[in-house]
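Undergrad: A structural model of the following input is requested.
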Amino acid sequence: QVQLVESGGGLVQAGGSLRLSCAASGRTTFINYVMGWFRQAPGKERECVAAMRWSGGSTYYLDSVKGRFTISRDNAKNTVYLQMNSLKPEDTAVYFCAARRGLELRLTENVYDYWGQGTQVTVSS
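TA: The predicted model follows:
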């Protein structure tokens, strides 16, 4: 059973930074998985902000976070990160880590197989 545990959320002022972590377990390797970070703000649909193949290669970023957010992974720790810089109040949301079997970068939530519990990010103005 794959488990994803997020951490690193919190309250930050606009312009600040946070790094979210997603510790993955339940597999000896996630090399055949795609990892995604999603967010959901109150009253809004869940959207993918970043995604990457665990094996490397192409990454995806939501237009509104390009140049500010970076997705990465640490193979030794089986952990995926989302570095968020220059945060804006509109980045306020619950952020979720997700994993899907396969190598195709997909951005819709219904194709992801496993989800973390979410971590709150609040950016004050």
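Undergrad: use CA for all of it now, contacts and neighbours both
TA: OK.
Undergrad: what about residue 123, neighbour count?
TA: 20 (other Cα atoms under 10 Å).
Undergrad: same deal with residue 62?
TA: 14.
Undergrad: I'd assumed residue 50 was in contact with it.
TA: Yes. Shown here, residue 62 and residue 50 form a contact pair, counting by Cα atoms under 8 Å, at 6.3 Å.
Undergrad: can you tell me the element the spatially most central residue of the chain falls in?
TA: Centroid-nearest residue in the chain, with Cα atoms, centre = their mean: residue 37, separated by 2.2 Å. Remark: residue 37 resides in strand 33-40, with elements defined by DSSP states H and E.
Undergrad: which other helices and strands contact that strand?
TA: Applying 3 or more Cα pairs under 8 Å, 6 or more residues apart in numbering; DSSP states H and E, one finds that strand 33-40 makes contact with strand 47-53, strand 93-101.
Undergrad: could you point out which element follows the shortest one?
TA: Counting by DSSP H and E, the next helix or strand C-terminal to strand 47-53 is strand 59-61.
Undergrad: ok, that following strand: who's next to it in the sheet?
TA: Based on DSSP bridges, the pairing partners of strand 59-61 within the sheet are strand 47-53 (antiparallel).
Undergrad: and for the partner strand, what's in contact with it?
TA: 31-40, 58-62, 65, 69-72, 103-109 (Cα atoms under 8 Å, 6 or more residues apart in numbering).
Undergrad: measure how the strand holding residue 37 sits relative to strand 93-101, angle-wise.
TA: With axes from the mean of the first three to the mean of the last three Cα atoms, to 10 degrees defining the directions, strand 33-40 sits at 160 degrees from strand 93-101.
Undergrad: partner strands of strand 33-40 and their direction?
TA: Applying DSSP bridges, you get strand 47-53 (antiparallel), strand 93-101 (antiparallel) as the partners of strand 33-40.
Undergrad: run the chain-centre distance for that strand.
TA: 5 Å (Cα atoms, centre = their mean, to the nearest Å).
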